[in-house]
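Engineer: output the structure for:
(one chain, ligands or ions: 2)
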Amino acid sequence: MNISSSFRFCRFTFRKCLSRRLQWDTCDRYYCSKSSSTDQTRVVQLKNKLACGPSFQDFIKSSDKTYDACNDEHEEYHIPECTTARSLKVYFETYGCQMNISDTEIAWSILQKAGYSRTHELPEADVVLLVTCSIREKAEQTIWNRLKHLTALKKRCQKHKPLLKIGVLGCMAERLKTKLLEQEKLVDVLAGPDAYRDLPRLLSLGYRGQRASNVLLSLEETYADVMPVHQTPEGHSAFVSIMRGCDNMCSYCIVPFTRGRERSRPLSSILEEVRMLSDQGVKEVTLLGQNVNSYRDFSEQHFICSEGSTQLSRGFKTVYRTKQGGLLFSDLLDKVSQIDPDMRIRFTSPHPKDFPDEVLQLIQERRNICKQIHLPAQSGSSRVLHAMRRGYTREAYLDLVENIREIIPGVNLSSDFITGFCGETEEDHQETLSLVREVGYNVGFLFAYSMRKKTHAYHRLQDDVPAPVKQRRLEELISVFREEAAKVNMALIGSTQLVLVEGESKRSSEELCGRNDGNVKVVFPKTDLPIQPEKPQMVPITSGDYVLVKFPCRLM
Ligand code: SAM
Ligand code: SF4
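Structural biologist: Ligands and ions are numbered 1, 2, ... in the order given. Reported below is the predicted structural model:
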């Protein structure tokens, strides 16, 4: 078997493509008379009415077609009468990082509770919701194009689907509210990352012919009480959101503006969700947050609170004042990893500043916390790191890498880098390449700098590296990453690794694929195995099984 060492260079984009021309089915079901309502639907409608009650707004006629939900919190949730035959179907398209997958699960859980059902087929949809990303211009452009396509479709299908609604959720809703809603008139409903609870109401306003939006950012919202509906293809792994927002204000980054201030979900609600996932047979949980290891829960008085300020990684500093008290990431990791020793725990995306020794020691001690750490560096040049306001130097970053490797021997490291940031010289770029060689990562998420409005860099720095130079530097970085990743993967040859099976490989039904503890994707032959070492009875390997795989096998 040959070894290939390809790996991912960009964040996953989860998106369903339209592979065939859409044919909306005829929808006379939209106009069922009241008398044909099922009792169940009546109960749902009544419950909605009881829950919300009519407000002052119900008694006055609005002349403004564009409705800013932030200004009115007491609207009745109105689902059209035509939903009597079946509930309205929501279709989600998710763009960007894992946080957006988690947001989709939260938004879906809220809508499901409000009586909506879900479809994975666009032609069946009554509501199309795009969960969006603003991190780079290219990500936004993809969504603009998609929205234009969807609105054209909506116009074409007006006769058959008069109630079809298009909504934008997440970062783009937050950043481009006016443009999306009023200038381009591409969407009916907008909900920022902290406004998903408001979705049923926003949609109900949509059904009254209004364009509705809520992009208020919150200091507290963590959706702690919303049990997300996890939607992994094989059901053996799940994302669990543990904190939201970011206080770091790196000079290039839009996240603090689109996702707001840092806040952590109460530990007890995280533990409850992980226990539930364990009971459902989930074998791998990935804890999620913009800066997942900056977790700090102030809500749990009955746990012993950590004394004093957070211990940062040595040589790292923050732009904000040091925070005091609360339960820290090490407390959370400790408790989560004890729930089910057979459940793997991963976390992303961490910030390198929050890796004190106690977190690293815990990772080393606990068998089920994966020995793989994402350590976004962004640049190998201290000068550029300073301009990026990252709060560390190249030397401090390398010291951290050394400390991590000392405490967790054999750990796999991955990273994020940006090429062509404001003022980046050829020398700075060479320093980035040399850092990648020195550390030897096995996975990289590599990006060309994309200037974002509102950020410090937009106001104060010059986006002075020409696009072709950014691109050339990006390609050079990719090629150095490939070389280094190949070396890391080659070092696995001869070893036996515990692999969590994900399912059939994409290339062949005769093969299975899975990941080892270090998150390396492995393809191996499909075969039956004895139920126990000395027992003759054989069983097929299925997804969610742990198997020992002797390398070489195909590494992805
Ligand atoms: N919070 C994590 C950290 O700072 O270590 C990273 C999360 S951030 C949402 C994901 C990645 O997107 C960043 O690490 C950075 O490499 C990239 N990124 C953010 N803003 C960018 C921009 N304006 N242009 C290009 N890449 C960007
Ligand atoms: Fe963006 Fe920096 Fe916050 Fe990461 S730490 S989300 S890069 S501002």
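
Engineer: flag every residue of the stretch 201-350 of the chain that's near ligand 2.
Structural biologist: 246, 248-250, 253, 255-256, 290-291 (Cβ under 6 Å from any ligand atom). All C-beta atoms are positioned from the backbone trio N, CA, C, and that covers glycine.

Engineer: export those residues to JSON lines and tack on neighbour count and secondary structure?
Structural biologist: JSON lines is the format used below for these (neighbours: other Cβ atoms under 10 Å; DSSP: H, G, I helix; E, B strand; the rest coil):
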{"residue": "246", "neighbour count": "21", "secondary structure": "coil"}
{"residue": "248", "neighbour count": "19", "secondary structure": "coil"}
{"residue": "249", "neighbour count": "15", "secondary structure": "coil"}
{"residue": "250", "neighbour count": "22", "secondary structure": "coil"}
{"residue": "253", "neighbour count": "21", "secondary structure": "coil"}
{"residue": "255", "neighbour count": "21", "secondary structure": "helix"}
{"residue": "256", "neighbour count": "19", "secondary structure": "helix"}
{"residue": "290", "neighbour count": "22", "secondary structure": "coil"}
{"residue": "291", "neighbour count": "21", "secondary structure": "coil"}
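
Engineer: what sits closest to the residue in the stretch 351-500 of the chain that ligand 2 sits nearest to if chain neighbours are left out?
Structural biologist: Of the stretch 351-500 of the chain, the residue with the smallest distance to ligand 2, taken as Cβ to the nearest ligand atom, is residue 351 at 5.3 Å. Nearest-residue entry for residue 351: residue 291, 4.3 Å, with adjacent residues in sequence omitted and distances by Cβ to Cβ, 6 or more residues apart in numbering.

Engineer: check contacts around the one you found.
Structural biologist: Residue 291 makes contacts with 243, 246, 248, 262, 349-351, 354, as judged by Cβ atoms under 8 Å, 6 or more residues apart in numbering.

Engineer: do the host helix or strand of residue 444 and ligand 1 come into contact?
Structural biologist: Taking DSSP states H and E as the criterion, the element that holds residue 444 is strand 443-448. Yes - Strand 443-448 lies in contact with ligand 1 when judged by Cβ under 6 Å from any ligand atom; the contacting residues are residue 447.

Engineer: which residues are contacting that strand?
Structural biologist: For strand 443-448, the surrounding residues in contact (Cβ under 8 Å, 6+ apart) are 7-11, 136, 376, 412, 414-420, 436, 467, 470-471, 473-474, 477-478, 481, 485, 519.

Engineer: cool, stretch 391-400 as well?
Structural biologist: By Cβ under 8 Å, 6+ apart, the surrounding residues in contact with stretch 391-400 are 248, 313-319, 352-353, 355, 375, 377, 380-382, 385-386, 431, 435, 438-439.

Engineer: report whether stretch 283-290 contacts ligand 1.
Structural biologist: Yes - for stretch 283-290, a contact with ligand 1 is found by Cβ under 6 Å from any ligand atom, at residue 290.

Engineer: quick one: buried residues of the longest helix seen in the chain?
Structural biologist: Here the longest helix in the chain is taken by residue count, with DSSP state H as the criterion, and it is helix 467-490. For helix 467-490, burial by neighbour count (16 or more other Cβ atoms under 10 Å) applies to 469-470, 473-474, 477, 480-481, 484-486, 488-489.

Engineer: now render these as CSV, adding distance to ligand 2.
Structural biologist: Conversion of those to CSV gives the following (distance: Cβ to the nearest ligand atom, whole Å):
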residue, distance to ligand 2
469, 22
470, 18
473, 19
474, 17
477, 17
480, 22
481, 19
484, 23
485, 22
486, 28
488, 24
489, 27
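
Engineer: all helices of the stretch 351-500 of the chain, in order?
Structural biologist: Chain-ordered helices for the stretch 351-500 of the chain, with DSSP state H, counting those that start in this stretch as the definition, fall at 357-365, 382-387, 394-407, 426-439, 456-460, 467-490.

Engineer: ok, the stretch 51-200 of the chain next?
Structural biologist: Under the criterion DSSP H, counting those that start in this stretch, the stretch 51-200 of the chain contains helices at 98-113, 137-156, 171-175, 177-178, 199-207.

Engineer: for the shortest one, packing partners?
Structural biologist: With contacts defined as 3 or more Cβ pairs under 8 Å, 6 or more residues apart in numbering; DSSP states H and E, helix 177-178 has no packing partner among the helices and strands.

Engineer: any idea of the mean pLDDT for it?
Structural biologist: With pLDDT averaged residue by residue, helix 177-178 scores 85.

Engineer: could you tell me which ranges of the stretch 201-350 of the chain sit under the pLDDT cut-off?
Structural biologist: Counting by pLDDT under 70, the stretch 201-350 of the chain shows low-confidence ranges at 231-234, 300-310.

Engineer: so where do the strands sit in it?
Structural biologist: Residue ranges of the strands in the stretch 201-350 of the chain, as given by DSSP state E, counting those that start in this stretch, are 211-214, 237-241, 243-244, 263-264, 284-288, 296-297, 327-328, 344-348.

Engineer: now distance to residue 447 too, for the ones you listed, in a markdown table please.
Structural biologist: What follows is the strands of the stretch 201-350 of the chain, written out as a markdown table (distance: least, Cβ to Cβ, whole Å):
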| stretch | distance to residue 447 |
| --- | --- |
| strand 211-214 | 29 |
| strand 237-241 | 22 |
| strand 243-244 | 22 |
| strand 263-264 | 26 |
| strand 284-288 | 20 |
| strand 296-297 | 28 |
| strand 327-328 | 30 |
| strand 344-348 | 16 |
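
Engineer: go through the ones you listed and name the closest to residue 108.
Structural biologist: Each of the strands of the stretch 201-350 of the chain was scored for nearness to residue 108 using Cβ to Cβ, and the closest is strand 237-241 (13.0 Å).

Engineer: so does that closest one get close to ligand 1?
Structural biologist: No - taking Cβ under 6 Å from any ligand atom as the criterion, strand 237-241 and ligand 1 are apart, separated by no less than 13.9 Å.

Engineer: let the chain start at 60 from now.
Structural biologist: Sure thing, new numbering starts at 60, so read that last one as strand 296-300.

Engineer: so which elements touch that strand?
Structural biologist: If you count contacts as 3+ Cβ pairs under 8 Å, 6+ apart, strand 296-300 packs onto helix 157-172, helix 326-338, strand 343-347.

Engineer: given the shortest one, what are its sheet partners and their directions?
Structural biologist: Spelled out, that is strand 343-347. strand 296-300 (parallel), strand 403-407 (parallel) (DSSP bridges).

Engineer: touching, residue 157 and residue 407? I think so.
Structural biologist: Yes - using Cβ atoms under 8 Å, residue 157 makes contact with residue 407 at a distance of 6.4 Å.

Engineer: write out the residues of the stretch 110-259 of the chain neighbouring ligand 1.
Structural biologist: Counting by Cβ under 6 Å from any ligand atom, the stretch 110-259 of the chain comes close to ligand 1 at 194-195.
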